[in-house]
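J.: return atomic coordinates for the entry below.
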Amino acid sequence: MARYTGAKCKLCRREGQKLFLKGSRCLSDKCAVTRRNQPPGPKHLRTRRGYSEYGRHLREKQKVKRIYGILETQFRRYYEEAARVKGVTGQTLLIILESRLDSVIYAAGFSASRAEARQKIRQNKITVNGKSVNIPSYQVKPNDVLKFVTVETAPRPEDEMPTWLLWDKNEKGIKMNSLPTRDDIHHEINEQLIVEYYSR
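T.: Down below sits the predicted model:
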């Protein structure tokens, strides 16, 4: 399976903002965006220039792909799926991405980053409704219960849990109350630019 294996901090520097790809490091003074907020590459090419209209659309798409750790072919499939659903395409796309198993694990606090969540999922450490699932792109649905095979307590304080997730004390797992809404997604994303990119 193809995946990005380079330095994650370079991706944040390319976008000029924190994408929170390395967990707690992104919140510390060691964060590359804090220490050296300039694009990677040769020094004479590092100056940020204004983007064309196409460039703005492309950068927004690339940013969202990097936040969720997916490549172009899969991202386009998600967009096409969102376009078929009745509603606002851009918001539907983000809800689909946020409902991926690795994103739910990250939102619940089971992992410090989505990359770490994907690793744990592939190691068969997560069950969904009692069945082992090792596919990070698995779409979690309302009322699904996720368990970490070695966790007996809530991964984060209940008052910090997203409103669309609930710590089920009886099941000792995370239950998805409902699909996340656009307001639950706190990344700085202009999804309309992505829709315009694919609609051109």
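
J.: following the longest helix belonging to the chain in sequence, what is the next regular element?
T.: For the chain, the helix with the greatest residue count under DSSP state H is helix 53-68. The first helix or strand that comes after helix 53-68 along the chain, using DSSP states H and E, is helix 72-84.

J.: quick one, the helix or strand that that next one is followed by and helix 72-84 angle?
T.: Per DSSP H and E, the first helix or strand lying C-terminal to helix 72-84 is helix 89-98. Interaxial angle of helix 89-98 relative to helix 72-84 (axes from the mean of the first three to the mean of the last three CA atoms, to 10 degrees): 130 degrees.

J.: without its sequence neighbours, what residue ends up closest to the residue nearest the centre of the chain?
T.: Per CA atoms, centre = their mean, the C-alpha nearest to the average position across the chain is that of Tyr68, at 3.3 Å. Leaving aside its chain neighbours, Tyr68 sits nearest to Leu97 (4.9 Å; criterion: CB to CB, 6 or more residues apart in numbering). From N, CA and C alone the C-beta is placed, and that goes for glycine too.

J.: the one you found touches Tyr106, doesn't it?
T.: No. Using CB atoms under 8 Å as the test, Leu97 is too far from Tyr106 to be in contact (11.5 Å).

J.: please say which of those two ends up with more neighbours.
T.: Using other CB atoms under 10 Å, the more surrounded residue of Leu97 and Tyr106 is Leu97, with 25 against 22.
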